[in-house]
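Peer 1: Next one to model:
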Amino acid sequence: MYPALPLQAKEYDKAYEAWSTTGAGAAFSLKAAGEDAAGATQQLFSSYYGSSDYAATFITASIKGTAPYDTLGALSKAASGADESDKARSELATKGIALQSLLMASLSSSAAAVQACVAKDKAAASAAVDKSWALFATDNGPIALSEKRCPQFNTCALSPSASAAERPAGISSVNVRLLAAYKSMQTAAAAGDCAGLAATQRLTEGLMVVPVIQGMLREAWEVDPSEGKLDATGKRINVGGKHVSDGFVEVCEGWAFTRAVLPMLNRCDAAVAKTIALNMDTIANGKHVAFGGFIKVVRETEKVLKCLGVTCDDVKSMVDKVTKKPHWQACPKAAEKTCPTCPTCPAAAKAAEEDEGGETLQVVLLFLVIALIIGSHLMAPKPEEPKPVNEELKGLA
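Peer 2: I've put the predicted structure just below:
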């Protein structure tokens, strides 16, 4: 087990230690999980950010408050009059761990499953599929983001009142479909069906991106001064003649989501990625600067959804909490581009880049400890500890 750590907020040294150190009885640390990632998607991100340890660099700077995040206090004071650096660092770090490190490790392991299959090692392929699911479904990990976003974007497949047996992966459409996809991958791995395994692996990559995109679009909407908060009567809240939008912390959250998908956007369309980055990478300004408003980010993103392997119906629009009406019309012209070089497009099965596999996954407690230490409310925890796919199948039998 990992050593018990104090759970007071803002203890960044302890948070860094928990993230970077392997606990007793654990095979690897959360930091190592991200650093050990390999494969085509990892290479894509490494190439875009100019370093193979891009995730660790981002997370380290967020936790320790070093450059480029050493000026968050001054920037937030200039933007809102208050020092919000602790909250901003917390959001950057926990989102970085979940969406850059753990998510990439999960994708890396599923790609390794394809490679093992091609090498005719069915046991290794099955183990890699299980590891990929466990990394994705770990408590407070990427799986929880879909659960948080589905009521906000009307993308829940099941009712919140569904029993635990009815929702082993949660209620969001993405998670329901991902569990079904992972079961299919496990069947394909056991049968040595490498083409089927590779095709489904590409599908899972697209689905995993959906809640990240939704998070990015949500933060873009929240910090756009022309949109956002309403009073009890439905009128826009104005202070000094200006509409009140959410603030500096939400700008940081938006950038954390954007970083987790930007290289994929760039692979599809470099101009789209550049526009989104200009609109979302605005921490240094202390505020959101959307040249075309949040809707510019939405429309640019919609251009490449097909390339990413998803549809407008997968992403949809953020809805109002009370009225449930959409805040924008999703894909009014359905202007989606194609992208023959994207991994989600039809292609023959081929081996993924080599990845180390077979480690015992014990990251649930550690990630929860980190989130509590640095005081984040990033993602609501799942009610039950996730299990490998083969154990999930037992529960559904």
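
Peer 1: which residues of the stretch 201-350 of the chain fall in helices?
Peer 2: In the stretch 201-350 of the chain, the segments counted as helices under DSSP state H, counting those that start in this stretch are 248-259, 262-268, 270-280, 294-303, 305-308, 312-315.

Peer 1: how about TSV for those helices, with mean pLDDT, mean neighbour count and distance to Q201 added?
Peer 2: (C-beta placed from N, C-alpha, C; glycine too.) Below are the helices of the stretch 201-350 of the chain laid out as TSV (pLDDT from 0 to 100; neighbours: other CB atoms under 10 Å; distance: least, CB to CB, whole Å):
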stretch	mean pLDDT	mean neighbour count	distance to Q201
helix 248-259	93	25	23
helix 262-268	96	22	15
helix 270-280	94	18	23
helix 294-303	93	22	23
helix 305-308	95	24	15
helix 312-315	95	19	17
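
Peer 1: out of the ones you listed, nearest to A157?
Peer 2: helix 312-315 (11.4 Å; CB to CB).

Peer 1: Return the list of helices and strands in contact with that closest one.
Peer 2: On a contact count with 3 or more CB pairs under 8 Å, 6 or more residues apart in numbering; DSSP states H and E, helix 312-315 meets helix 194-222, helix 294-303, helix 305-308.

Peer 1: Now that helix - C-alpha only, CSV.
Peer 2: What follows is helix 312-315, C-alpha atoms only, in CSV (Å, rounded to 0.1, in the frame of the first residue of the first chain):
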residue,chain,number,x,y,z
CYS,A,312,-21.4,16.1,-33.1
ASP,A,313,-23.9,13.8,-31.4
ASP,A,314,-21.0,12.5,-29.2
VAL,A,315,-20.0,15.9,-28.1
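
Peer 1: How about residues contacting that helix?
Peer 2: Residues outside helix 312-315 that contact it (CB atoms under 8 Å, 6 or more residues apart in numbering) are 153, 155, 173-174, 207, 210, 213-214, 217, 301-302, 305, 330-331, 334, 336.

Peer 1: now the helices of the stretch 201-350 of the chain in a markdown table, with distance to G196?
Peer 2: Listed next are the helices of the stretch 201-350 of the chain as a markdown table, based on distance: least, CB to CB, whole Å:
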| stretch | distance to G196 |
| --- | --- |
| helix 248-259 | 32 |
| helix 262-268 | 23 |
| helix 270-280 | 31 |
| helix 294-303 | 30 |
| helix 305-308 | 21 |
| helix 312-315 | 22 |
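
Peer 1: And these: which comes nearest S163?
Peer 2: Nearest to S163, of all the helices of the stretch 201-350 of the chain, is helix 312-315, at 25.4 Å by CB to CB.

Peer 1: Pick out the least confidently modelled helix or strand of this protein, by mean pLDDT.
Peer 2: Least confident helix or strand, the chain: helix 389-396 with a mean of 36, by mean pLDDT, DSSP states H and E.

Peer 1: What are the phi and psi values at D320?
Peer 2: phi -70, psi 140 (degrees, to the nearest 10).

Peer 1: what's it in contact with, if anything?
Peer 2: Going by CB under 8 Å, 6+ apart, the list of residues near D320 reads P326, H327.

Peer 1: how near is it to A270?
Peer 2: The gap separating D320 from A270 is 34 Å, by CB to CB, to the nearest Å.

Peer 1: How about K87: what's its closest non-neighbour residue?
Peer 2: Leaving out its chain neighbours, the residue that sits closest to K87 by CB to CB, 6 or more residues apart in numbering is V249, at 5.0 Å.

Peer 1: before we move on, back to that, nearest to M185, of the helices and strands packed on helix 312-315?
Peer 2: Closest of these to M185 is helix 194-222, at 5.0 Å (criterion: CB to CB).

Peer 1: List the buried residues in that closest one.
Peer 2: 194, 196-222 (16 or more other CB atoms under 10 Å).

Peer 1: again with stretch 116-129
Peer 2: Buried residues in stretch 116-129 (16+ other CB under 10 Å): A116, C117, V118, D121, A124, A125, S126, A127, A128, V129.

Peer 1: Check which helices and strands the host helix or strand of the first one is in contact with.
Peer 2: Under the criterion of DSSP states H and E, A116 resides in helix 103-118. Under the contact criterion of 3+ CB pairs under 8 Å, 6+ apart, the helices and strands touching helix 103-118 comprise helix 30-35, helix 40-49, helix 122-137, helix 173-191, helix 194-222.

Peer 1: Mind putting those into a markdown table with distance to I283?
Peer 2: Formatted as a markdown table, the helices and strands packed on helix 103-118 follow (distance: least, CB to CB, whole Å):
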| stretch | distance to I283 |
| --- | --- |
| helix 30-35 | 22 |
| helix 40-49 | 16 |
| helix 122-137 | 28 |
| helix 173-191 | 28 |
| helix 194-222 | 12 |
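
Peer 1: Minimum distance to E84: which of the ones you listed has it?
Peer 2: helix 194-222 (14.7 Å).

Peer 1: per-residue confidence averaged over that closest one?
Peer 2: Averaging pLDDT along helix 194-222 gives 95.

Peer 1: for stretch 107-114, same thing?
Peer 2: Stretch 107-114 comes out at a mean pLDDT of 94.

Peer 1: ok, back up a step: any chance of the helices and strands packed on helix 312-315 in JSON lines, with distance to F58 too?
Peer 2: JSON lines is the format used below for the helices and strands packed on helix 312-315 (distance: least, CB to CB, whole Å):
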{"stretch": "helix 194-222", "distance to F58": "15"}
{"stretch": "helix 294-303", "distance to F58": "21"}
{"stretch": "helix 305-308", "distance to F58": "21"}
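
Peer 1: what pLDDT does the most centrally placed residue in the chain get?
Peer 2: Note on the chain: the residue nearest the mean C-alpha position is L99, at 3.6 Å, using CA atoms, centre = their mean. Per-residue confidence at L99 stands at 92 (pLDDT).

Peer 1: Report the buried residues of stretch 50-60.
Peer 2: Buried, per 16+ other CB under 10 Å, within stretch 50-60: S52, Y54, A55, A56, F58, I59, T60.

Peer 1: Dump it to PDB, keeping only the CA atoms.
Peer 2: Output in PDB follows, covering the C-alpha atoms of stretch 50-60 (Å, rounded to 0.1, in the frame of the first residue of the first chain):
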ATOM      1  CA  GLY A  50       9.000  19.100 -28.200                       C
ATOM      2  CA  SER A  51       9.700  16.700 -25.400                       C
ATOM      3  CA  SER A  52       8.900  13.100 -24.400                       C
ATOM      4  CA  ASP A  53       8.300  14.300 -20.800                       C
ATOM      5  CA  TYR A  54       5.900  17.100 -21.700                       C
ATOM      6  CA  ALA A  55       3.300  15.800 -19.200                       C
ATOM      7  CA  ALA A  56       5.800  15.500 -16.300                       C
ATOM      8  CA  THR A  57       7.100  19.000 -17.000                       C
ATOM      9  CA  PHE A  58       3.600  20.400 -17.000                       C
ATOM     10  CA  ILE A  59       2.600  18.600 -13.800                       C
ATOM     11  CA  THR A  60       5.800  19.400 -12.000                       C
END
